[in-house]
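**Q** sequence-free structure coming up:
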């Protein structure tokens, strides 16, 4: 972007040195299967499949539920991120580890955990039943499954963002008479903006790909709980082309999100700071 | 840097060394002159036969010292694909006639050899406490019930759809029954075991599964029969593999499956043994 001062060539970015060469096997392994999948997709067939109700319903359910879950992740995740951005304590580390847990657990574990908590016979099932609420097999269950697996992505990113806001800036604003809400709203959030948006985008992309917890906790019903990943899995044996189309759409949406985050929100990264 | 490259080379080398799967070796212990030479019988069988064939395999090994029965349990469709790729096998047991026919088309099974050895029926399962109070399958249409089926893409889900079609033609039940049942479906699960789990957990009030799966769940579920007239019966055919190196053992294993003893084992796991030819 802005002309940067000359830098030592040894740090030259984009030069094909030995590290680049060594990175090729794994990069190829990560990229080739995706490319192979996209290579199998025929544009005509995609257009055809887009008219199929199964595909449309799956896209609709996916977009609707991920919109909800991402909104929930942001609203409920900001306080957690604030806690994690505070000075290190033993309790903070415990919270940190607990927040990381859903990312390393198999999603099926998340599904079972949600079922034994919010299911009819689960921990909170009786209370929910009294209120006339049944969560499994509903879109609410899809949203909860996505919330469970995607929240860590937002929280971690937001916590890093909050942590990088210089404390003296907040103190100065406080001394100038800003309430703690005003400090948060007009100092912390604007300065952590990039991290917040990155976190929200990553969390949305993760929610979009959520499969294991959803199929266990929310079941599979076209138009209600059948998200795109479920439709791909169930449809794979019956109609490979349909699964291909949905896969291509998922890859496209996810890649676009990731690229937007990396390129638009971190304009400097491409220019002179390592990403 | 160079160190890293060396490490990488080493790990690649290691990977290369361990890559070829150890060839199945015959038992290392030399056979004593009194026992027959060790032999391995490879049986490809549908996943739903896992428990029952496992027991039959033990029975067979007990009868024939030195013989090891190796099972490959998977979806029948997967097994046929493996047969088509010349996977070593001696016996094939399929969960439906379509996949046995597909095996015949690969040339690995002679068209005349398959014979049906068991049938599997559909049953309705409810949680053990049956809190919704279902008295018979006819209650499946009662409003407000939560019913789970297998997805129509899965064989058992396809059978459940056929059951509904038959029920729709039955004047005693009729189209209202089908509409009511369809209204109650809350999920099309990816396989029959998932249907069973959700019912056993009590998250669903009822589900439709194979009688064998219901039997495997034991006390966790209660079984409500579906009348024969409406029931869609799945046939399981069994056949020796044409180019098997263990043709004699294969024939003996099939004979055991079809024997009264074998049929008793299968019946214990919820199958309906086919009438003997």
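**A** Yep, it's here. From a predicted model like this one, the values you see are computed outputs, not experimental measurements.
**Q** Give me the below-cutoff pLDDT ranges for the chain.
**A** Assuming you mean chain A. Where chain A drops to pLDDT under 70, the residues are A:1-14, A:236-238, A:266-275.
**Q** that answer is for a different chain, and I need it for chain B
**A** Checking chain B against pLDDT under 70 turns up B:1-36, B:276-277.
**Q** show me where the stretch 101-250 of chain B has strands.
**A** B:115-120, B:122-127, B:147-150, B:185-189, B:206-210, B:221-225, B:234-240 (DSSP state E, counting those that start in this stretch).
**Q** if you look at the lengthiest helix in chain A, does any of it touch chain B?
**A** Longest among the helix segments of chain A by residue count, using DSSP state H, is helix A:53-84. No - judged by CB under 8 Å from any CB of the partner chain, helix A:53-84 stays clear of chain B, getting no closer than 11.1 Å. Where you see a C-beta, it was placed from the backbone N, CA and C, and this is true even at glycine.
**Q** quick one: that helix to chain centroid distance?
**A** Distance, stretch centre to chain centre, for helix A:53-84: 9 Å (CA atoms, centre = their mean, to the nearest Å).
**Q** how deep is the closest residue in space to residue A:145 that isn't next to it in sequence tucked in, by neighbour count?
**A** Sequence neighbours aside, residue A:213 is the residue nearest to residue A:145 in space, at 3.9 Å (criterion: CB to CB, 6 or more residues apart in numbering or on different chains). Using other CB atoms under 10 Å in any protein chain shown, residue A:213 has 28 other residues around it.
**Q** Ok, residue A:105 next?
**A** By other CB under 10 Å, 15 other residues sit near residue A:105.
**Q** what's it sitting at in phi/psi?
**A** With angles defined as degrees, to the nearest 10, residue A:105 sits at phi -80, psi 150.
**Q** Show me the contact partners of stretch A:46-54.
**A** For stretch A:46-54, the external contacting residues (CB atoms under 8 Å, 6 or more residues apart in numbering or on different chains) are A:55-56, A:222-223, A:226, A:231, A:235, A:241-242, A:245-246, A:248-249.
**Q** Please identify the buried residues of that stretch?
**A** Across stretch A:46-54, burial judged by 16 or more other CB atoms under 10 Å in any protein chain shown covers A:46, A:49, A:52, A:54.
**Q** before we move on, the earlier item: can you put the strands of the stretch 101-250 of chain B in TSV and add distance to chain A and mean neighbour count?
**A** Shown next, in TSV, are the strands of the stretch 101-250 of chain B (distance: least, CB to the nearest CB, whole Å; neighbours: other CB atoms under 10 Å in any protein chain shown):
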stretch	distance to chain A	mean neighbour count
strand B:115-120	20	20
strand B:122-127	8	24
strand B:147-150	7	27
strand B:185-189	3	25
strand B:206-210	11	28
strand B:221-225	14	19
strand B:234-240	18	23
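**Q** And those: which comes nearest residue A:162?
**A** strand B:185-189 (40.0 Å; CB to CB).
**Q** I'd like to check the angle between that closest one and strand B:206-210, please.
**A** With axes from the mean of the first three to the mean of the last three CA atoms, to 10 degrees defining the directions, strand B:185-189 sits at 30 degrees from strand B:206-210.
**Q** Show me what strand B:185-189 is in contact with.
**A** A:136-137, A:215, A:218-222, A:225, A:234, B:146-152, B:157, B:195, B:198, B:204.
**Q** Out of those residues, list just those in helices.
**A** The helices, defined by DSSP H, take in A:215, A:234, B:157, B:195, B:198 from those.
**Q** quick revisit: show the buried residues in the contacts of stretch A:46-54.
**A** A:55, A:222, A:226, A:231, A:235, A:241, A:242, A:245, A:246, A:248, A:249.
**Q** Show me chain B divided up by domain.
**A** Annotated domains of chain B cover B:38-119+B:235-273, B:122-225 [automatic domain parsing].
**Q** Those domains into a markdown table, with extra columns for distance to residue A:131?
**A** Formatted as a markdown table, the domains of chain B follow (distance: least, CB to CB, whole Å):
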| stretch | distance to residue A:131 |
| --- | --- |
| domain B:38-119+B:235-273 | 39 |
| domain B:122-225 | 17 |
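**Q** rewinding a little: list just the nearest of the buried ones among the contacts of stretch A:46-54 to residue B:227.
**A** residue A:222 (29.4 Å).
**Q** can you list the residues of the stretch 151-277 of chain B near chain A?
**A** Near chain A, when you scan the stretch 151-277 of chain B using CB under 8 Å from any CB, you find B:151, B:153, B:185-190, B:194, B:198, B:201-204.
**Q** For those residues, work out which two are farthest apart.
**A** Every pair of those checked by CB to CB; the farthest is B:153 and B:202, at 25.9 Å.
**Q** For the two, work out which one has more neighbours and name it.
**A** residue B:202 (22 against 16).
**Q** Quick check, the more buried one in contact with residue B:132.
**A** No - applying CB atoms under 8 Å, one finds residue B:202 not in contact with residue B:132, separated by 9.7 Å.
**Q** picking that back up, in ChimeraX, how would I select just the buried ones from the ones in helices among the contacts of strand B:185-189?
**A** The ChimeraX selection below is limited to those of the ones in helices among the contacts of strand B:185-189 classed as buried (16+ other CB under 10 Å):
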select /A:215,234 /B:157,195,198
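**Q** List the contacts of the residue at minimal distance from the centre of chain B.
**A** Nearest to the geometric centre of chain B sits residue B:48, at 1.9 Å (CA atoms, centre = their mean). Residue B:48 makes contact with B:95, B:120, B:192, B:210, B:212, B:213 under the criterion CB under 8 Å, 6+ apart.
**Q** Show the contacting residues for the third one.
**A** When contacts are counted by CB under 8 Å, 6+ apart, residue B:192 is found next to B:48, B:150, B:154, B:156, B:209, B:210, B:213.
**Q** If you count contacts, what does whichever strand or helix holds the residue nearest to residue A:145 end up packed against?
**A** Using DSSP states H and E, residue A:213 maps to helix A:212-217. In terms of contacts (3 or more CB pairs under 8 Å, 6 or more residues apart in numbering or on different chains; DSSP states H and E), helix A:212-217 is packed against helix A:107-118, helix A:139-163, helix A:228-235.
**Q** That'll do, ta.
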